[in-house]
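Undergrad: Sequence first, predicted coordinates after that:
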Amino acid sequence: MSELDNLLASREMILVAGSGGVGKTTISAALGIAAARRHKGKVLVLTIDPARRLASALGLDEVGNAPIRIDPKAFEADGVKLRGEVWVAMLDTKAGWDELIRRHAPDAGVRDAVLSNPLYQNITSRFAHSHEYLAMEKLHDLHATGEFDLVIVDTPPSRNALSILDAPGRMVEFFGSRLLRWLTVPYRSRLFTVASKPFYQVADRVLGSRFLQDIADFFILFQAMESGFVKRAREVEALLVDPRTAFIVVTTLETAPSYEARFLARSLVERQMSLGAIVANRVLPQELAGAKAAKSAAKLLDLADGDLASSIAEELGGVSVKQTATVLTQVAARFDDVALVAARESDRRSELATLSPAMLSVPWMSGDIHDVAGLALIAGYLRGAA
Amino acid sequence: MRPGLLDLDLLWVTGKGGVGKTTTAAALAEVAARHGRRTLVCEMDAKGALANAFDVGSLTFEPTQVSPGLQAMAMNTEDALREYLRLFVRIPFIGRIGPLAKTFDFVADAAPGVKEILSVGKLCYEVKERTYDLIVVDAEASGHIVSQIGAPKVIADLVQVGLVRDQTQWMLDILNDPARTGVAVVTTPEEMPVTETIELLGRLTTETGAHASAVVANRVLPVLFSRREQKIADRLEEALPILKKAAGPGTATVLEAARLTEQRRQSGAGHLDRLRAFLDAELDVDDAVPIFTIPELFSRASGPRVVSLVADALTDELDPDGYPNRGGDT
């Protein structure tokens, strides 16, 4: 069994984290397939933002909130043998907040008042990293049902990849904060005078009292749901540090994503969360950075406009010697640039490898992944089998 | 007729994280300064990237002189609030605002548009005061810029009375005037950056009154060969034994590098075509949003050197006229 196989066998939840644009969704789906290849049982891939292409690649008309099983025939058709079942669900964050309000509101009055508050849309879409929090809530739900042996969560892309870890904590902090209480006090107590607090003087003049009133109304309502939210947030937090949960960090080897990945890996360790593996995606072939290739490129450049061009042209047949010489020169001259990029990426990969128990690599492939066969190919690379 | 980027008063530079937005913003500012515009470049998200681009340690709310005609600053909400209160509410403050700023910060996080309006307001104020010919904004990555530019409109819709409401109209006048305010979206020739660019351009139109001025495509791989030459390049493998004999065992890898690069170039070109198609479909041909191209530099350098190289490339694309050249490699 490979390192990945061990990891997938020993955990109940895997969170796939990393900066945006590194291929997390594709890798998450591939991890699901990797798990089902080796192990019996049901694995769910919870994806946040699948390209519509991925949904159709999986043979699904559309991916919704409710888990759908990928048709086993789709795998057989491509010669992929699975021992287990692969299910997919998508987190719809728009519906999510409404769902959360409905769940936590103490009564219909509060619920309707919140949902119809003019600030509701604006505030919930912007604060407390709502997408991340909802992903965590969903994960908690699914884990609680016990329906799946393994849940793989494709986390939302965020500029700060840590925000997903902070999400439940911030939710708790928000409800418990003195500032929230301070903000809502004046409008609860009729005896309180605005004039007595300098903040309100300025805020009243700058923002207008009606705006402040709207904000206060909203937060008073929100507080009514405090106990529900806080209890759930604590449960979700506990899930993140549970020994049955592991993180997999996905990155490419370019500067910005690698930097984020390094930061993320270190933060996970600091918070005593379990980092299971780092996946380097779109990796250039190692040989590009090697001395052999560099030597050949130099030689090629030397010989490009001599007899070599003639022999090549003759071998190919029907091509101009001059153009062949041009091609050889360019190919040789440009090689150093590519080698430089490959060398830098190789350094970054080595650095990342020191931060994680397992370092997995997926090579750069031309074209996007269109179908189950493509995903299975990636699964193969991840398992070290390809 | 669309104004040139350098003829605007306020130019927002945005794009998905990692595409080279800060370098591009810095380079645009440098081109402007080289061509005689008094320029300010402002970093909005205080991550220090702009300071690195100019190799100046750190940037503050007070502008730092970077080079002749070019100053740089970092937006800071607390400082912006203090200045706003001093200028418009006429409350003099000595020292730090302290608890007021913290409370404000909290409310601002929750209340839509409030924090953004301070930053946008500061920039619009500088435009109004004509302290500079051009202000280049190294804006936050894609999603947030709509909140920022859209802030005055949000506030105008939500806030009924109060000073801030009265303030929003003059800001909107600046932001909605395509002769004064523009947005340049930076992208690379890759799937997600291009998809997000298209989405962002759509949102700019529907959620704000601001106008897209240009797309800057960064790290573009050049077309190396004519079609005939490319066919030869594609077939080189057929002659691998001869090549190996001449140049050694590493030759196969050299050919693979060329193949990989060409694949990446093609894939990138496909994504840029998709972007071009979107831009052509959206607007009249006369008014089409241009795509300026910055080639992949394969540079070992970082900081000011890279900014300078990108500025050279942008100068070739923008082809600025009018003011005499202040210097630079062109």
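TA: Cool, got the structure. What you are looking at is a predicted structure, and each value in this text was computed from that prediction instead of being measured. Numbering: from 1, shown residues only, chains lettered A, B, ... in the order given.

Undergrad: Tell me how many other residues crowd A:W87.
TA: 21 (other C-beta atoms under 10 Å in any protein chain shown). The way it works is simple: take the backbone N, C-alpha and C, and place the C-beta from them, glycine included.

Undergrad: and it, what does it touch?
TA: Listed by C-beta atoms under 8 Å, 6 or more residues apart in numbering or on different chains, the contact partners of A:W87 are A:42-45, A:67-70, A:148.

Undergrad: And the strand or helix carrying B:S267, what does it pack against?
TA: Counting by DSSP states H and E, the element that carries B:S267 is helix B:251-282. The contact analysis (3 or more C-beta pairs under 8 Å, 6 or more residues apart in numbering or on different chains; DSSP states H and E) places helix B:251-282 against helix A:291-303, helix A:321-353, helix B:191-207, strand B:212-220, helix B:227-235, helix B:240-247, strand B:291-295.

Undergrad: Following the last one in sequence, what is the next regular element?
TA: This means strand B:291-295. Next element after strand B:291-295 (DSSP H and E): helix B:304-318.

Undergrad: if we can go back for a sec, possible to save the contacts of A:W87 as a markdown table with neighbour count?
TA: Listed next are these as a markdown table, based on neighbours: other C-beta atoms under 10 Å in any protein chain shown:
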| residue | neighbour count |
| --- | --- |
| A:K42 | 18 |
| A:V43 | 24 |
| A:L44 | 26 |
| A:V45 | 32 |
| A:P67 | 19 |
| A:I68 | 18 |
| A:R69 | 12 |
| A:I70 | 23 |
| A:F148 | 21 |
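
Undergrad: circling back to that earlier point, for the helices and strands packed on helix B:251-282, which one ends up most surrounded?
TA: strand B:212-220 (a mean of 23; mean count of other C-beta atoms under 10 Å in any protein chain shown).

Undergrad: now that one: how far from the chain's centre is it?
TA: 9 Å (C-alpha atoms, centre = their mean, to the nearest Å).

Undergrad: Direction included, what does that strand pair against?
TA: strand B:181-187 (parallel), strand B:291-295 (parallel) (DSSP bridges).

Undergrad: Which of these sits closest to B:R34?
TA: strand B:291-295 (16.3 Å; C-beta to C-beta).

Undergrad: just the helices in the stretch 151-300 of chain A please.
TA: In the stretch 151-300 of chain A, the helices defined using DSSP state H, counting those that start in this stretch lie at A:163-176, A:178-184, A:198-207, A:209-223, A:226-241, A:255-270, A:291-303.

Undergrad: try the stretch 51-200 of chain B
TA: B:77-84, B:99-110, B:114-129, B:142-158, B:163-175, B:191-207.

Undergrad: Give me the helix or strand of the chain that scores worst on average pLDDT.
TA: Reading this off chain A. helix A:178-184 (a mean of 56; mean pLDDT, DSSP states H and E).

Undergrad: The chain in question should be chain B.
TA: helix B:99-110 (a mean of 57).

Undergrad: for the nearest residue to A:S310 once chain neighbours are set aside, what are its contacts?
TA: Closest residue in space to A:S310, ignoring its immediate chain neighbours: A:V321 at 5.3 Å, by C-beta to C-beta, 6 or more residues apart in numbering or on different chains. By C-beta under 8 Å, 6+ apart, the contact set of A:V321 is A:309-310, A:313.

Undergrad: Quick check on the residues you listed: which are buried?
TA: The neighbour count (16 or more other C-beta atoms under 10 Å in any protein chain shown) marks A:309, A:313 as buried among the contacts of A:V321.

Undergrad: Give me the phi and psi for A:E147.
TA: Dihedral pair for A:E147: phi -80, psi -20, per degrees, to the nearest 10.

Undergrad: One more: the one 3 residues further on?
TA: For A:L150, the backbone dihedrals (degrees, to the nearest 10) come out as phi -150, psi 130.

Undergrad: Might one say that it is in contact with A:L44?
TA: Yes: with contact defined as C-beta atoms under 8 Å, A:L150 reaches A:L44; the gap is 7.3 Å.

Undergrad: shaky segments in the stretch 51-200 of chain B?
TA: Confidence mapping of the stretch 51-200 of chain B against pLDDT under 70 gives the ranges B:88-115, B:142-143, B:147, B:154-167.
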